[in-house]
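Enquirer: Using only what follows, build the 3D model:
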Amino acid sequence: MYQIEEPKYFYFFIAVATLLLVYLLNLLWKRKKQREFADASLLDQLSPEKSVFKPALKMVFVLLAMSFLVLALVNPKMGTQLKTVKRQGVDIVFALDVSKSMLAEDIAPNRLEKSKQIISRIIDKLGSDRVGIIIYAGNAYPLLPITTDHGAAKMFLQNAGPDMVSSQGTAINEALELSKTFFDDDTQTNRFLFIISDGEDHEENSEKIAKEIVDIGIRTFTIGVGSNKGGPIPIKSNGKFVGYKKDNKDEVVITKLNVNTLKDIAESGEGKYIYGNKTSKTIEYVEELLLKADKKEFESKQFSDYKDQFQWFVGIGLLLLVLDVFLLNKKTKWVQKLNLFNER
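Expert: Residues are numbered from 1 along each chain as shown. Take a look at the predicted model:
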């Protein structure tokens, strides 16, 4: 494993390429002028000790030296070992309602975006806790397996919406059932399931399932998003508003926050109902809840120890520059005898 600390310095290779181009152009110009001055045999007689090969070798040394010094500025780092990092935390799964009733705009900007804001801000407050995300409407699906990668959790969360679920409805029961297998650590003593919903179109037996998952160590909390007054469900096409959802009688459907359903589920799950419209208070409550929870220690292996390698490139670059200084343009006698470079 390796890391590049300062990739911006790769641009300095343009200077190396420019120097090579200038050298080649100068070489062509000098040869042209030499041919104009005298023929090749006469020039050899005028400068018998001048090497043809060494000037090119000196330029190669300079170009390589510059290249290694640029690499030193880039400072590649090599991962030297796998370190075992011990972490402490709890397991948290968010079950997000993405049914179309969550698009109602009685809470700005709408219920779904409000729910995403709540989850995102809770994730920002987490330490080494693990987090997973379930989405549900007519069916429940795992959006993100439980992980310590909070950045990935927030990225997946942003894409959650009604279009990700094939059928509409509010399958809270399926979300509860899915949570049974979502927590992958049987020794974890603190498992929290947060259901974020407006409670609309709830199914029966939700309280029964919430009691069942308590037996395997999962406490269920519900966060209600929406208003008692309710609001219509907007319909949009290509991002443009085209009307409101209507029922069979061609009347606009008004969706309301169903507090009682969410309270019953939370009570059966040995958790608590949280009023989610006031984001700051919701975050404060959840943060305090998680701070008081017992943390379980678990281990996570990762590449963690990266060491600077720039000194090697600096050393090689300086060595090449020193060789360039001591390498003269004159022919070397013993090399000349071998005639390796056709310099006779």
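Enquirer: which residues touch the nearest residue to N260 once chain neighbours are set aside?
Expert: Leaving aside its sequence neighbours, N260 sits nearest to G199 (Cβ to Cβ, 6 or more residues apart in numbering; 7.7 Å). Bear in mind the C-beta positions are built from the backbone N, C-alpha and C, glycine included. Residues near G199 by Cβ atoms under 8 Å, 6 or more residues apart in numbering: T170, T222, G224, G226, L257, N258, V259, N260, T261, L262.
Enquirer: Report the buried members of the residues you listed.
Expert: The neighbour-count test (16 or more other Cβ atoms under 10 Å) marks T170, T222, G224, G226, L257, N258, V259, T261, L262 as buried among these.
Enquirer: Give me the contact list for the one helix or strand the last one maps to.
Expert: Under the criterion DSSP states H and E, the helix or strand holding L262 is helix 259-268. Outside helix 259-268, the residues within contact range by Cβ under 8 Å, 6+ apart are 172, 176, 195, 197, 199, 202, 206-208, 210-211, 214, 220-224, 228, 272-273.
Enquirer: Report the strands that pair with whichever helix or strand comes after it, each with its relative direction.
Expert: Where DSSP H and E defines the elements, the next helix or strand beyond helix 259-268 is strand 273-275. Strand pairing for strand 273-275, using DSSP bridges, gives strand 218-224 (parallel).
Enquirer: right, and R87 touches T148 too?
Expert: Yes - contact criterion Cβ atoms under 8 Å: R87 and T148 qualify, at 7.0 Å.
Enquirer: More neighbours: those two, which one.
Expert: Taking neighbours as other Cβ atoms under 10 Å, R87 and T148 compare with T148 leading, 18 against 15.
Enquirer: I'd say the more buried one and S128 touch.
Expert: Yes - with contact defined as Cβ under 8 Å, T148 counts as touching S128 (6.6 Å).
Enquirer: shared neighbours, those two?
Expert: R87, G89.
Enquirer: Now do the strands for the protein: every range, in order, please.
Expert: Here the chain has its strands, by DSSP state E, at 2-4, 76-89, 91-97, 130-136, 140-147, 191-197, 218-224, 231-232, 234-237, 240-244, 254-255, 273-275, 296-308.
Enquirer: can you list the domain ranges for the chain.
Expert: 2-75+309-338, 87-298 (automatic domain parsing).
Enquirer: which residues are contacting the longest helix belonging to the chain?
Expert: Ordering each helix of the chain by length in residues (DSSP state H) puts helix 13-37 first. Under the criterion Cβ under 8 Å, 6+ apart, residues L43, M59, V62, L63, M66, S67, V70 lie in contact with helix 13-37.
Enquirer: so can I have TSV of those showing pLDDT and distance to F182?
Expert: TSV is the format used below for those (pLDDT from 0 to 100; distance: Cβ to Cβ, whole Å):
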residue	pLDDT	distance to F182
L43	58	83
M59	87	64
V62	90	61
L63	91	57
M66	91	55
S67	92	51
V70	91	49
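Enquirer: Tell me who's in contact with I218.
Expert: The contact partners of I218, by Cβ under 8 Å, 6+ apart, come to S179, K180, F183, R191, F192, L193, G269.
Enquirer: what separates it from L25, distance-wise?
Expert: To L25, I218 is 74 Å away according to Cβ to Cβ, to the nearest Å.
Enquirer: now Q309
Expert: Distance of Q309 to L25, computed by Cβ to Cβ: 35 Å.
Enquirer: Of the buried ones among the contacts of G199, which pair is most distant in space?
Expert: Using Cβ to Cβ, the two most remote members of the buried ones among the contacts of G199 are T170 and V259, lying 14.4 Å apart.
Enquirer: Surely N173 is in contact with K208?
Expert: No - judged on Cβ under 8 Å, N173 makes no contact with K208 at a distance of 9.0 Å.
Enquirer: of these two, who's got more company?
Expert: Neighbour totals were compared for N173 and K208, and N173 leads with 19 against 11 (other Cβ under 10 Å).
Enquirer: any weak-confidence spans in the stretch 1-150 of the chain?
Expert: Under the criterion pLDDT under 70, the flagged ranges of the stretch 1-150 of the chain are 1-2, 34, 37-53, 79-86.
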